[in-house]
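A.B. asks: generate a structure from the sequence data that follows.
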Amino acid sequence: MNPIPRFHLAFPVKDLDSTRSFYVGLLECNTGRESENWIDFDLYGHQIVAHLSPNDCQELDTNIVDEDNIPSRHFGVILKWKQWKKLYTKLENLKFEFLLKPKIRFKNEFGEQGTFFISDPSGNALEFKSFKNESMIFKK
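C.D. replies: Sure thing, here's the model as predicted:
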């Protein structure tokens, strides 16, 4: 059982076939309910729903964070350190193109974290991060 409440996120996609391939084939998400216009995915215990809405898929603006251009609209998951390393190693081995390659951000500061960004086929940015010390997640 998940110790914290699960989140639900709905997001637009250009087509459902490439979306399914990405989330099931690459990220190993299970699927839940679906229709001809949407698919539920289990992203590490959280419900994300891809809605067919090509007109809502748009270029991403960025903000500077720790000297990197970070997509201002993104979502993702905070993983345990070993899970995070396993996922980025898998993506590197597949020669998957990162929006932001795996790196350690805020090194030797509060909130030090491993992070990387990828994009799904519809241009939705996903961030996967990990804190070696989880108590730092909300530290100022």
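A.B. asks: mind checking how far the residue in the chain sticking out farthest from the centre is from residue 132?
C.D. replies: If you look at how far each residue of the chain sits from its centre, by C-alpha atoms, centre = their mean, the farthest one is residue 108, at 24.3 Å. If you measure residue 108 against residue 132 using C-beta to C-beta, to the nearest Å, the figure is 12 Å. Heads up, the C-betas are built off the backbone N, CA and C, glycines and all.
A.B. asks: now the common contact residues for those two.
C.D. replies: When contacts are counted by C-beta atoms under 8 Å, 6 or more residues apart in numbering, the set common to residue 108 and residue 132 is empty.
A.B. asks: against which helices or strands is the helix ranked longest in the chain packed?
C.D. replies: Ranked by residue count under DSSP state H, the longest helix found in the chain is helix 81-93. With contacts defined as 3 or more C-beta pairs under 8 Å, 6 or more residues apart in numbering; DSSP states H and E, helix 81-93 has these neighbours: strand 113-119, strand 125-130.
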